[in-house]
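K.L.:
Mind looking at a prediction? Sequence and model below.
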Amino acid sequence: MPLNDYISKRDFTRTPEPPGEIHESGLRRFVVQRHQASHLHYDFRLEIEGVLKSWAVPKGPPEEPKVRRLAIQVEDHPVGYIDFEGTIPEGYGAGTVEIWDRGTFELIAKDEGKLVFQLQGGRLHGAYTLIRTRPPDQWILLKNNDAKRAGDREGR
Ligand code: MN
């Protein structure tokens, strides 16, 4: 089950994080959570197939085209995590979580190791690409330039 890793890493008698339940909302939402853990990072999550596909982005998602940001894929999170803010106690992911941006997205292309999507958020908007550069978990997140976006939307 896709959320096994999420569940096995956490003690739900201690953490305020939501339980590991699959939820097909039929929506395409995203969230970016600023996570001040042992190392500050931004968790970028896309609602796909009943879970939040998740990447930890140390420097945060790019707001300008052509900026490449390392994104480490982490365990799928439950859709309920999309609203989560708070303090995670000692243990896995200890630290504070704040929502940095949220909104909806349109999935433009999805292949093994590559996702292209159009974000409509408060801070982030436009077409973005996630490309896996080193399996199993190392990806790059970048904001597409306008020419690239026009090409993607024509289905090339
Ligand atoms: Mn995190």
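P.N.:
Here it is on my side, so go on. These numbers come from a predicted model, not from an experiment.
K.L.:
Would you report the backbone torsion angles of Glu47?
P.N.:
When read as degrees, to the nearest 10, the backbone of Glu47 gives phi -80, psi 110.
K.L.:
That one touches His23, doesn't it?
P.N.:
No - at 9.1 Å, Glu47 does not count as touching His23 under the criterion of C-beta atoms under 8 Å. Quick note: C-beta positions are derived from backbone N, CA and C, even for glycine.
K.L.:
Of those two, which one has the most company?
P.N.:
Each of Glu47 and His23 has its neighbours counted (other C-beta atoms under 10 Å); Glu47 has more, 24 against 15.
K.L.:
residue nearest the centroid of the chain?
P.N.:
Central residue of the chain (C-alpha atoms, centre = their mean): Arg45, 2.0 Å from the mean position.
K.L.:
Not counting its neighbours along the chain, what's nearest that residue?
P.N.:
With C-beta to C-beta, 6 or more residues apart in numbering as the measure, Leu52 is the residue that lies nearest to Arg45, at 3.9 Å, once sequence neighbours are left out.
K.L.:
what residues are up against the closest residue to the ion within the chain?
P.N.:
The ion sits closest to His35 of the chain, with a gap of 3.7 Å, by C-beta to the ion. Going by C-beta atoms under 8 Å, 6 or more residues apart in numbering, His35 touches His41, Tyr42, Asp43, Ala56, Gly93, Gly95, Thr96, Val97.
K.L.:
what's the helix or strand for the second one?
P.N.:
When secondary structure is defined by DSSP states H and E, Tyr42 falls within strand 40-48.
K.L.:
Need the residues that contact that strand.
P.N.:
With C-beta under 8 Å, 6+ apart, strand 40-48 has contacts from 25, 27-35, 52-61, 71, 74, 77, 79, 81-82, 97, 100, 105, 107, 110, 115, 117, 141.
K.L.:
Quick one: buried ones out of those residues?
P.N.:
For the contacts of strand 40-48, a burial check counting by 16 or more other C-beta atoms under 10 Å picks out 28-35, 52-57, 60-61, 71, 74, 77, 79, 81-82, 97, 100, 105, 115, 117, 141.
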